[in-house]
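Peer 1: need coordinates for the following:
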Amino acid sequence: MDCLFCKIAKGEIPSKKVYEDDEVLAFYDIEPKAPTHILIIPKLHIKSAAEITAKNSAVTAHIFEIAAKLADELKLKDGFRIVTNCGDSAGQSVKHLHFHLLGGRDFTWPPG
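Peer 2: Here you go, the predicted structure:
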């Protein structure tokens, strides 16, 4: 499989890690859209949110636990946004489930 995020999770491609455990990796986005922009990925390859099932959904809950922990550690007290894109028309450029943790600025709604 030629998946960018699988290679990052395996350490084959370097990243600026913020958090890592057996199931999840969090690292800084190389093209940040906010002062704080971290990607949180499962190490298990799941293509997108459309492939979350009863068998693999526990890692998604764990990702949200890690997001809350990181937001606290990074002092995102005024708020933060968590985003996942699902499919080409939604802007998913890497076909590996990932969540953007964004903070450090005000956001508008709906996002552009």
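
Peer 1: CA atoms only: put the strand ranked longest in the chain into PDB for me.
Peer 2: The longest strand of the chain (DSSP state E) is strand 36-42. C-alpha atoms of strand 36-42 as PDB (Å, rounded to 0.1, in the frame of the first residue of the first chain):
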ATOM      1  CA  THR A  36      -2.100  25.300  15.800                       C
ATOM      2  CA  HIS A  37      -2.700  22.600  13.200                       C
ATOM      3  CA  ILE A  38      -2.200  19.000  14.200                       C
ATOM      4  CA  LEU A  39      -3.200  15.900  12.300                       C
ATOM      5  CA  ILE A  40      -4.400  13.000  14.400                       C
ATOM      6  CA  ILE A  41      -4.400   9.600  12.600                       C
ATOM      7  CA  PRO A  42      -5.100   6.000  13.500                       C
END
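
Peer 1: which helix runs longest in this protein?
Peer 2: helix 57-73 (DSSP state H).

Peer 1: how close does Asn85 get to Gly91?
Peer 2: Separation of Asn85 from Gly91 (C-beta to C-beta, to the nearest Å): 5 Å. No exception for glycine: its C-beta is placed from N, CA and C like everyone else's.

Peer 1: those two: who's more crowded?
Peer 2: Higher neighbour count among Asn85 and Gly91: Asn85, with 17 against 10, using other C-beta atoms under 10 Å.
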